[in-house]
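S.K.: After the sequence you'll find the predicted model.
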Amino acid sequence: MTDSPDRPRRVRATPGFFLSLDGQLPAERGSDGRPSRADFEAIELLRAIEEFATGFDNLPRLIPGRDDYRVLISAGQLVFAYTIVGQLARDGSVELVDVEIDVVGLEDPDVDTGDHS
């Protein structure tokens, strides 16, 4: 089945998706600039839902040979990057099942960038 811009798929997030989100972002915006869960939902998640709704079939497969799992890997506006996994449900809609958020990106002190000056 090929997605069509005039017939977007329904997209819904599962409870597991929100549990994962809850574990990665705070309920309130941090004084260090870390976005809240609501910030992520309002900005990043809405963009991701649109991607899954209109382009599910064009996203990379998460598991080789399994067309029902796709992954969106994106640079964020509020976070450095995020990955969201979507699964095609029996009714043709997409269920968002997992999210991984990178808030820090290349500024992570545990990442060796090779700059030792």
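M.R.: Perfect, thanks for sending it. From a predicted model like this one, the values you see are computed outputs, not experimental measurements.

S.K.: Quick check: pLDDT value at the spatially most central residue of the chain.
M.R.: To find the centre residue of the chain, average its C-alpha atoms and take the closest one (CA atoms, centre = their mean): that gives residue 84, at 3.0 Å. Here, the pLDDT recorded for residue 84 equals 98.

S.K.: Next, residue 86: secondary structure please.
M.R.: Using DSSP: H, G, I helix; E, B strand; the rest coil, the secondary structure recorded for residue 86 is strand.

S.K.: same thing with the one 10 residues further on?
M.R.: Under three-state DSSP, residue 96 falls in the strand class.

S.K.: Quickly list what it is bridged to.
M.R.: residue 13, residue 86 (DSSP bridges).

S.K.: Count the residues that sit near it.
M.R.: Other residues lying near residue 96 total 23 when counted by other CB atoms under 10 Å. For every residue, glycine as well, the C-beta is placed using N, CA and C.

S.K.: hang on, isn't it packed against residue 17?
M.R.: Yes: the criterion here is CB atoms under 8 Å, and residue 96 meets it with residue 17 at 4.7 Å.

S.K.: hey, what's in contact with both of the two?
M.R.: Jointly contacting residue 96 and residue 17 under the rule CB atoms under 8 Å, 6 or more residues apart in numbering are residue 84.

S.K.: so what pLDDT did residue 112 get?
M.R.: Reading off the confidence values, residue 112 has pLDDT 52.

S.K.: Looks like the residue nearest to the centre of the chain contacts residue 101 (just checking).
M.R.: No: when contacts are counted by CB under 8 Å, residue 84 is not listed as touching residue 101 (9.4 Å).
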